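K.L.:
my questions are about this predicted structure, shown below with the sequence.
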Amino acid sequence: MSRVDDLSRSLTALDQDSTLIAVIEMSLTSWLVAGIVPGLSRAPLKKLEADEASVLRQLHRWRDEATKAGRHIKRMVVAFEAGRDGFWLARWLRVRGVEAHVIHAASVAVSREHRRAKTDRLDTEMLKRAFLGWLRGEAEHCQMAAVPTLAEEDARRPNRERDCLVRERTRIVNRMKGALVRLGIRSFNPKLRKAAERLGDLVTPDGEALPPNTLAELRRDLARLALIREQIAAIETRRLERLERADQDGPHAMVRLIARVVGVGIETADMLVHEILSRHLRDHKALARYAGLTGSPDESGSRRREKGLARAGNGRVRRGMIQLAWRFLRFQEASVLAKWYHARTQNAAGTRKKMIVALARKLLIALWRLATTGSVPDGITLRAAA
């Protein structure tokens, strides 16, 4: 039986004679709206400016046409693919009485022909077929994304911004090291606090000073590096202040609880809670699929092979959990999960990397149960509550 949070199919019975159905193909400059309007023999299609008010007016216009044709519209449903515009349009339409859904783009089946016609008009026809099957309650037509509130979306921004800044910091450091290695200098560490002071004293193996253009470039890189450090520190300080002032329930309480697990820091706990643990997922299987920690078997006839991780879920969660799994083996050696991993890799050469994914999946499920039910996994050590 489907549950309330099962987005693989609609839980509301579809009465097509009283339901106005529309899909939107969105682009930067224009939106193409296709509808299924009760009482109309034609399939209306309208190209509009990229404006939410125009979409709402068009829906009301089609509703009036259906009323003139003798049909009473009780429900208006709209769907569009997840993309650059995010979820704001779905929230905007829901406030105005329109049932809006966001389709996972990768869940819509498309032709596998190498050369095929692809236009916005054909895309709307494909979306209509998939959306109509979803509304009828049929499985495997498409998958809907859970539409977060504005506060939930905003809560993810600090962690994602910090992730971008850390990658930018790594890129700058690597670029500086590469520029110095080309001159034969290998001992300089740009990450040191006094790197800017030491930069002017560097000399090449020939005893010559750094070329002026290279020196100026490196100084600019160090200035950017210092700014990025300040921004990362500001994000971390702000997060700690927010956690101290937060209530004792909700996502902030989950962050504090997950951070009590030895080996899990505030950064990892914050990422896990806001990216996956606070979502209303159906069960542990849906949790592992969303994290991208499930396999992708390739089976046809006598052929049997495993293509590795599906990688269809949340990349941040997948990377974070695999890194956490390695740390977990170090800091939680007495836990049942760590003993399970060691027992299966002790006499099996070449399986450590494969089994670390299985450990990451089991660990994620254990943390999910800890955050949602308070059930502490066997053998896991917790820090004292602050």
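P.N.:
The structure has been received and is ready for your questions.

K.L.:
which strands and helices sit next to the lengthiest helix in the chain?
P.N.:
If you go by DSSP state H, the chain has its longest helix at helix 212-245. Under the contact definition 3 or more CB pairs under 8 Å, 6 or more residues apart in numbering; DSSP states H and E, helix 212-245 sits against helix 150-181, helix 195-199, helix 251-258, helix 266-272. C-beta: built from backbone N, CA, C; applies to glycine.

K.L.:
just the buried residues of it, please?
P.N.:
218, 221, 222, 225, 228, 232, 235, 239, 243 (16 or more other CB atoms under 10 Å).

K.L.:
surely residue 335 and residue 382 touch.
P.N.:
No. Counting by CB atoms under 8 Å, residue 335 stays clear of residue 382, with 11.2 Å between them.

K.L.:
more neighbours: the two, which one.
P.N.:
residue 335 (22 against 13; other CB atoms under 10 Å).

K.L.:
state the mean pLDDT of the longest helix of the chain.
P.N.:
Averaged over helix 212-245, pLDDT sits at 94.

K.L.:
stretch 268-278: end-to-end distance?
P.N.:
End-to-end span of stretch 268-278 (CA to CA, to the nearest Å): 14 Å.

K.L.:
in CSV: the buried residues of helix 212-245, plus distance to residue 190.
P.N.:
Compiled in CSV, those are given as follows (distance: CB to CB, whole Å):
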residue, distance to residue 190
218, 8
221, 7
222, 7
225, 6
228, 12
232, 15
235, 21
239, 26
243, 31
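
K.L.:
point out where this structure drops to low pLDDT.
P.N.:
1-6, 386 (pLDDT under 70).

K.L.:
tell me how far stretch 170-189 lies from the chain's centre.
P.N.:
With CA atoms, centre = their mean, to the nearest Å as the basis, stretch 170-189 stands 33 Å off its chain's centre.

K.L.:
which residues in this structure form helices?
P.N.:
Using DSSP H, helices in the chain cover 52-68, 88-95, 120-135, 150-181, 195-199, 212-245, 251-258, 266-272, 284-291, 315-331, 336-345, 352-373.

K.L.:
looking at these, which is nearest to residue 80?
P.N.:
helix 88-95 (6.9 Å; CB to CB).

K.L.:
give me the helices and strands touching the closest one, please.
P.N.:
helix 52-68, strand 75-81, strand 99-103.

K.L.:
among those, which comes closest to residue 117?
P.N.:
Nearest of those (CB to CB): strand 75-81, 18.3 Å.
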